[in-house]
Structure formats: C-alpha cells, structure tokens
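Undergrad: I'd like to go over a predicted model; first the sequence, then the structure.
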Amino acid sequence: MLLPLSQSEIENKPANWIDTVFAGEILTADPPVVGNELVERVLRGGYPEAIARPTAKRRITWARQYIDAIIQCDVRDIAEIDKLDQLPRFLRALAQTAGQMCNYFGLGGQVGLDGKTASRYIGVFEQMYLPKRIDVWARNRLKRIVKTPKLQFIDSGLLATLMDVSVNAQADKNRYGHVLESFVFGELLKHTTTANNDYRLLYYRDADKFEVDVVIENAAGQLVGVEVKASATVKEHDLRGLKKLASLAGDQFSEGVLLYDGEETMPLGNKLWAAPLSSLWGS
C-alpha cells in the first residue's frame, strides 16, 4: 500500500513544509487557494484515480468502490475476520470520530463488537492506510503511551465519502472541519516521509480542554504546533491551545502555526503565526 499523493506532488512543488517551518520560515502560498476551490481540493483527496475524475459524483463513486474493494479483498488477505459484513458499518462509525480520541468500547458497541476487537479492527484498517492513531504529546514519555490516542484519516477524500460530506454540505462547518483537519494531518504525514530530518506527528489535549490539532516533534525534542481553522478570520481564542503548548514546552517550542482559509501570512507574536492552508504546498 502507498500513501496518496501530497498536494506538493500534485502541484510539482518540492519544498518541504515541515523542514521549512523548523528552519524558522513558512512557505509562500503561490497562488493562495481559498474558499470553494480549497473545499473542492480537500474533498478530492490525493488518490490519482480520484484526481483524474472530472466530477465530484464520479470521484465519490470511485471512492466507494475503492473502500468496498479494500474490505472485500485486502482485509480478507491480511486478517482473519469472520464477519466482514460488520466492517463497512464499523468504518463509517470510525469516520464519524475522525479528529477525536479513540473510545474503543463506544466504537465497537455501535456495531456489536467488544473494545478489544474494535482496537484490532482499527489496526487492520491502519495497515490499509485508511485511519491512523496518533499519540498525545506529553513531556513525560510514559504518559504518551498510557494516554488515549486520537484517530485521523490519511486521505480526506475517502473520509469525506464515508461521512457523506459534499461541496454542498460545507454549510455543516463542524463536519467539514473534521475533514479539513484530516486533510492537514495527511499532508503533514506525507511531508514527514520526504523531509530531510526525522519527525513525529502527535497531538495535545489536556483536562482543561486546551487542544492543538497536530504537534510535530523533531529528533531533538523541539516542537511545532499546528492548529487548523476552516474560517477566513483569525481570533484570539483560536490561539489558546498553541499558547498553552508553548508555555508547557518552554525552550522546546519552535513555532506555533494557525492554518486558516485566508491569503496572508501574519505574525501573531511570541513565535505564533497565521498562515494560509495552501502554504502546505507553497514554494
């Protein structure tokens, strides 16, 4: 199995967003992609077969056929799963929890599975490059292991199909927001595979509900926090998670970047920036 294409590969722009931000710069979105054009790109995802289809309807048809083929063929080849008929429902239930912490018992209960089986099924789907579990960032590395991981999907196009999010459904900001967060996670994951240095993708959340969507950690333990916002405006409240992470990480905190649906890169003080989502495939 291969990762879908990154937007940088699609646009033939070789610059690596993660390497660049750890070097203290942010790629320039050239030209910036915003609004409906960004939504269409997010819902399209990165599979060449989907990109090649000229209409949203044909892309959704391909995505459904691809998901069916994975369940009927690939899963059967790599795992001894008796009840394949449970898997489509379980995968749709997983899609509804994208960007949230894994509750194996709650997920399994929706389709009549126990928590242990639900966790095993997620592991099988991870081998198919559908979802991925992400550990929490904590200074104490033992806490990373014992705390609950978060679930993300690698391809936003497949996730949008599983969640029935279409261009017309963009009015449902909450559901589109989850797809957008998975889109950003998928882009960053692909950048880790082509970067000059080694990076881990984590997330941050604490008991007071301070949260950072993606925390990128390099081999030296330095951090870049990434927050994702579907809006074209930036407000002080949007920075609360990044500020909390910065205060906890201290000298380890390199930058905090709020990616938003806008055109300008703006300094927000104290190593915090707002940057266009399309800077992910900038130059």
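TA: Okay, I see it.

Undergrad: can you give me the helices in this protein?
TA: Taking DSSP state H, the helices of the chain run over residues 7-11, 17-22, 35-44, 48-51, 56-69, 75-78, 87-96, 104-110, 115-127, 141-146, 156-163, 173-194, 240-249.

Undergrad: which secondary structure elements does the last one sit against?
TA: Right, the one you point to is helix 240-249. For helix 240-249, the packing partners by 3 or more CB pairs under 8 Å, 6 or more residues apart in numbering; DSSP states H and E come out as strand 199-205, strand 211-218, strand 223-228, strand 253-260, strand 272-276. To be clear about C-beta, it is placed using only N, CA and C from the backbone, and glycine gets the same treatment.

Undergrad: out of those, which gets nearest to Met101?
TA: Between Met101 and those, the tightest spacing by CB to CB is seen for strand 199-205, at 7.4 Å.

Undergrad: what does that closest one contact?
TA: For strand 199-205, contacts defined as CB atoms under 8 Å, 6 or more residues apart in numbering pick out 18, 101, 134-137, 144, 150, 185, 188-189, 192, 210-219, 225, 241, 244-245.

Undergrad: which parts of it are buried?
TA: 199, 201-205 (16 or more other CB atoms under 10 Å).

Undergrad: could the residues you listed be laid out in TSV, adding distance to Leu130?
TA: Formatted as TSV, the buried residues of strand 199-205 follow (distance: CB to CB, whole Å):
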residue	distance to Leu130
Tyr199	22
Leu201	16
Leu202	20
Tyr203	18
Tyr204	24
Arg205	23
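
Undergrad: out of the contacts of strand 199-205, which are buried?
TA: 18, 134-137, 150, 185, 188-189, 192, 210-218, 225, 241, 244-245.

Undergrad: if we can go back for a sec, any idea which of the helices of the chain is most buried?
TA: helix 156-163 (a mean of 26; mean count of other CB atoms under 10 Å).

Undergrad: chain center to it, what's the gap?
TA: 12 Å (CA atoms, centre = their mean, to the nearest Å).

Undergrad: now the angle from that helix to helix 35-44?
TA: 80 degrees (axes from the mean of the first three to the mean of the last three CA atoms, to 10 degrees).

Undergrad: now do the end-to-end distance for stretch 99-114.
TA: Stretch 99-114 has an end-to-end distance of 22 Å (CA to CA, to the nearest Å).
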